[in-house]
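Engineer: sequence and predicted structure are below.
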Amino acid sequence: MKTPNEIFDTMYKSDYFSQWLGVELLAIGKGFCTLQMVVRRDMLNGFGVMHGGASFSLADSAFAFASNSHGRVSVSIETNISHTAAVKEGDVLTATARELNLSNRLGIYEVPITNQHQKIVALFKGTVFRTEKEV
């Protein structure tokens, strides 16, 4: 069975969206993943703050890597996010996906996103269905 780092490498090489986001892996293990990215101008909305889809995508990527870290292909079946603070160009965001519950078929994860001042700017929660297929 592959290690969480090997699983990350396998997934990331074909994950062109996470590559576009510019995510950097800070830590990964069974049931968790920490990613970081810098907010770019092309991630801003018409009000000059980060588009909600960009923060969602950062959290969703951390969620995907964490939930697949056990070696079974896991697919998202429900997600939600609360945005709690404005994010500006140049901010450094860190998303840490943590496993809250894992069963044979389902996994539940929480992903707080913090800025460079350790302030929570968004909180994501997601559920995956765990297939029998190996990553």
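Structural biologist: Sure thing, it's come through.
Engineer: next, the buried residues of the longest helix anywhere in the chain.
Structural biologist: Selection of the longest helix in the chain by residue count, based on DSSP state H, yields helix 52-68. Residues 54-68 are the ones in helix 52-68 that count as buried (16 or more other Cβ atoms under 10 Å). All C-beta spots, glycine's among them, are computed from the backbone N, C-alpha and C.
Engineer: per-residue pLDDT, Met1?
Structural biologist: Note for Met1: predicted pLDDT of 84.
Engineer: that one touches Gly71, doesn't it?
Structural biologist: Yes. Using Cβ atoms under 8 Å, Met1 is in contact with Gly71, at 4.9 Å.
Engineer: which residues are in contact with both of those two?
Structural biologist: With contacts taken as Cβ atoms under 8 Å, 6 or more residues apart in numbering, the residues that reach both Met1 and Gly71 are Glu134.
Engineer: more crowded one of these two?
Structural biologist: Gly71 (16 against 9; other Cβ atoms under 10 Å).
Engineer: show the average pLDDT along stretch 39-55.
Structural biologist: Averaged over stretch 39-55, pLDDT sits at 98.
Engineer: name the residues that touch it?
Structural biologist: If you take Cβ under 8 Å, 6+ apart as the criterion, stretch 39-55 is touched by 21-22, 81, 83, 86-93, 113, 121-122.
Engineer: hmm, try it at 10 Å
Structural biologist: Identification of contacts with stretch 39-55 by Cβ atoms under 10 Å, 6 or more residues apart in numbering yields 20-22, 37, 57-58, 60, 81, 83, 85-93, 95, 113, 115, 121-122, 124.
Engineer: in helices only, show me these.
Structural biologist: Judged by DSSP H, helices contain the following of those: Trp20, Leu21, Ser57, Leu58, Asp60.
Engineer: isn't the third one up against Gly22?
Structural biologist: Put plainly, it is Ser57. No. With contact defined as Cβ atoms under 10 Å, Ser57 does not reach Gly22; the gap is 11.1 Å.
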